[in-house]
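Chemist: Please work out how this folds:
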Amino acid sequence: MRQRLFFGLVFLAALSVLLPRNAWAVPAFARQLNASCSMCHWAYPELNEFGEEFAGNGYRMPGGSEIPNQIETGDSELSLIESLPLAIRMQADLRYRPRVLTDRDREFLRDAARRSDLPRGVDFQTPWGVKLISGGPISRYLNYYVYFFLSEYGGTGPVEDAWINAQNFGIDGLGVMVGQYQLSDFMFPRELRLTRQDYLIYTVPLSDTNFRLTYQRGANVTYGLEPFDLVIGAANGNGIGEAEASDGQYLGRRDPVFNNDDNWITYGRLGAGYGPLSVGVFGLYGSELAPDGDTGLFGPRATELGAPAGQNFMWRAGPDFKATLGDFRVWGQWLWGEDSNPAFVSVDTEDREGTLQGGFVAASWVASSRWVFTGLFNRIIASRHEIDAHVYTANASWYWRRNFKLGLEANYDAMHLRATHPYKEHSVIAFIDTAF
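Modeler: Numbering: from 1, shown residues only. Next up is the predicted model:
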């Protein structure tokens, strides 16, 4: 295990990600620049090459440093835009879950309790989510992005993306970002995907802490030197939950903390582009403590007591690619990973380790100004929870307007039923997606 950890560190040290692609769709820019959404979007919400350059340049035109609609206050040290960039994105689903079972599945479902677990019927998920979005330049070098869920799964959601970025400050191509963001953003941003089906390798956890390649609090440094781009960063590794009360007080007040241990994760990605093809390799290494709420040798203080159960070391690594040929685009990702102690067990045995591998490949075709067709295949193999998943997705989207689309999506779950997968997760979804 120590050899693998050593080589993991060496591998990560050799890595370094694309200039931020996590500067997402803010329709307010179209209003400010009097431009069509198609200037930046290949097919809403996915960005085209120009859109990625616009985002990577701090929400300014590529090669430019001007701030759109800046107010002239007479104070050279004050930067204020005339109107705050605000937008709303709404998503609504009508989801149907059919019962499509094989003979093997029916044998498994002879247990009446398992049959009762089957989801059934039509579900009006309207709205599935409503987001308030804002982002833009603060000054010549600074920009920001934030969004808040006005509604998520029927309740008020959290602030998720929220960061400040300093771009081209002192050195062209150099950027420093701090805040909340998704680790998967540096490969393929989940917020910009064309399907309702997610990229599962980013969202399926291996350890009992539910660690995933999604939202974290942290910071990263990016640098671009044609044809290469790189990023190195560090994050707390415990997501974006609420701050916890600390044991002491500061000036008579409670001093909450977001990260109550010394465990961090480091990550990096090295990317390169040539013509219509871009490739990259991602690496992550870190550790985590047992989930909060546990006690004794299995809890967060286990490491302090010298017990091996309290800490889990983990790594993830793998390549990604994207190619665009006219109106056709294909992209994909494959990752391998290992956790030293994902269940936080106290017995130091070889089989307490957990392994994970999987990825996805997707293709999309812009058939016309109205129609876009997308296919997606997800594959995941995990030693824990008997995960051996194959999910096939077909999506057709019709754009009534550049920023308003209707769609139909079918998802087929090819994974056999078992205790940890008690029913097929097939679905047919009719959806609305708009931003304004």
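
Chemist: What segments of the stretch 51-200 of the chain are helices?
Modeler: For the stretch 51-200 of the chain, applying DSSP state H, counting those that start in this stretch gives helices covering 103-108, 112-116, 200-203.

Chemist: Of those helices, which shows the lowest average pLDDT?
Modeler: Mean pLDDT values for the helices of the stretch 51-200 of the chain show the minimum at helix 112-116, a mean of 48.

Chemist: How about residues contacting stretch 176-186?
Modeler: 17-18, 20-22, 159-166, 169, 189-191, 199, 202, 213-222, 231, 235, 240, 267, 269, 282, 284 (Cβ atoms under 8 Å, 6 or more residues apart in numbering). Where C-beta positions appear, they are placed from N, C-alpha and C, glycine not excepted.

Chemist: Take those and keep only those in strands.
Modeler: 159-166, 215-222, 231, 235, 267, 269, 282, 284 (DSSP state E).

Chemist: out of the residues you listed, which are buried?
Modeler: 160-163, 165-166, 215-218, 220-222, 231, 235, 267, 269, 282, 284 (16 or more other Cβ atoms under 10 Å).

Chemist: what are the ranges of the strands in the stretch 251-400 of the chain?
Modeler: 253-254, 265-274, 277-289, 311-325, 328-339, 354-366, 371-382, 387-401 (DSSP state E, counting those that start in this stretch).

Chemist: Can you give me the neighbour number for Gly155?
Modeler: 7 (other Cβ atoms under 10 Å).

Chemist: and it, how far is that from Gly129?
Modeler: 11 Å (Cβ to Cβ, to the nearest Å).

Chemist: try Leu270
Modeler: 33 Å.

Chemist: Same question for Arg316.
Modeler: 27 Å.

Chemist: Buried residues, stretch 343-362. List them.
Modeler: Here stretch 343-362 shows Ala343, Phe344, Arg352, Glu353, Gly354, Leu356, Gln357, Gly358, Gly359, Phe360, Ala362 as buried, counting by 16+ other Cβ under 10 Å.

Chemist: likewise stretch 393-413?
Modeler: So, applying 16+ other Cβ under 10 Å, buried residues of stretch 393-413: 393, 395, 397, 399, 402-403, 405, 407, 409-413.

Chemist: Report the residue spans of the protein with pLDDT below the cut-off.
Modeler: 1-42, 44, 47-69, 99-120, 245-255, 260, 291-309, 347-351, 418-420, 422 (pLDDT under 70).

Chemist: Val122: what's it in contact with?
Modeler: Here Val122 is in contact with Leu94, Arg95, Tyr96 (Cβ under 8 Å, 6+ apart).

Chemist: Just give the closest residue to the last one, not the sequence neighbours.
Modeler: Nearest residue to Tyr96, sequence neighbours excluded (Cβ to Cβ, 6 or more residues apart in numbering): Val428, at 4.6 Å.

Chemist: residues making contact with the helix or strand in which that neighbour is found?
Modeler: Assessed by DSSP states H and E, Val428 sits inside strand 427-435. If you take Cβ under 8 Å, 6+ apart as the criterion, strand 427-435 is touched by 25, 27, 44-45, 87-98, 128, 133, 196, 397, 401, 403-411.

Chemist: Mind doing that once more with 7 Å?
Modeler: Under the criterion Cβ atoms under 7 Å, 6 or more residues apart in numbering, residues 25, 27, 87-98, 196, 403-411 lie in contact with strand 427-435.

Chemist: can you list contacts of stretch 79-95?
Modeler: Under Cβ under 7 Å, 6+ apart, the answer for stretch 79-95 is 26-29, 67-71, 73, 122-136, 138-139, 196, 427, 429-436.

Chemist: how far does it stretch from start to finish?
Modeler: Stretch 79-95 stretches 46 Å from its first residue to its last (Cα to Cα, to the nearest Å).

Chemist: Which residues belonging to that stretch are considered buried?
Modeler: In stretch 79-95, counting by 16+ other Cβ under 10 Å, buried: Ser79, Ile81, Pro85, Ala87, Arg89, Met90, Gln91, Ala92, Asp93, Leu94, Arg95.

Chemist: what's the offset of it from the middle of its chain?
Modeler: 19 Å (Cα atoms, centre = their mean, to the nearest Å).

Chemist: Kindly report the same for stretch 330-348.
Modeler: That offset, for stretch 330-348, works out to 17 Å (Cα atoms, centre = their mean).

Chemist: Could you do stretch 372-390 as well?
Modeler: Per Cα atoms, centre = their mean, the centroid offset for stretch 372-390 relative to its chain is 16 Å.

Chemist: just stretch 412-426 next, same as before
Modeler: With Cα atoms, centre = their mean, you get 24 Å for stretch 412-426.

Chemist: change the start of the numbering to 24 and stick with it
Modeler: All right, first residue 24 from here; so that's stretch 435-449.

Chemist: residues of it that come out buried?
Modeler: Tyr435, Asp436, Leu440, His444, Pro445, Tyr446, Lys447, His449.

Chemist: ok, now stretch 281-291?
Modeler: Asn283, Asp284, Asn286, Trp287, Ile288, Thr289, Tyr290, Gly291.

Chemist: got it, and stretch 400-409?
Modeler: Buried, per 16+ other Cβ under 10 Å, within stretch 400-409: Phe400, Asn401, Arg402, Ile403, Ala405, Ser406, Arg407.

Chemist: so what's Gln356 closest to, chain neighbours aside?
Modeler: Gln356 sits nearest to Asp343 (Cβ to Cβ, 6+ apart), 4.2 Å away.

Chemist: ok, what's across the strand from that neighbour?
Modeler: Counting by DSSP bridges, Asp343 forms beta bridges with Gly303, Gln356.

Chemist: And for this structure, the residue most distant from the center?
Modeler: Note on the chain: the largest C-alpha distance from the chain mean falls to Gly97, namely 41.3 Å (Cα atoms, centre = their mean).

Chemist: So that one versus Ile104, what's the distance?
Modeler: Gly97 is 16 Å from Ile104, by Cβ to Cβ.
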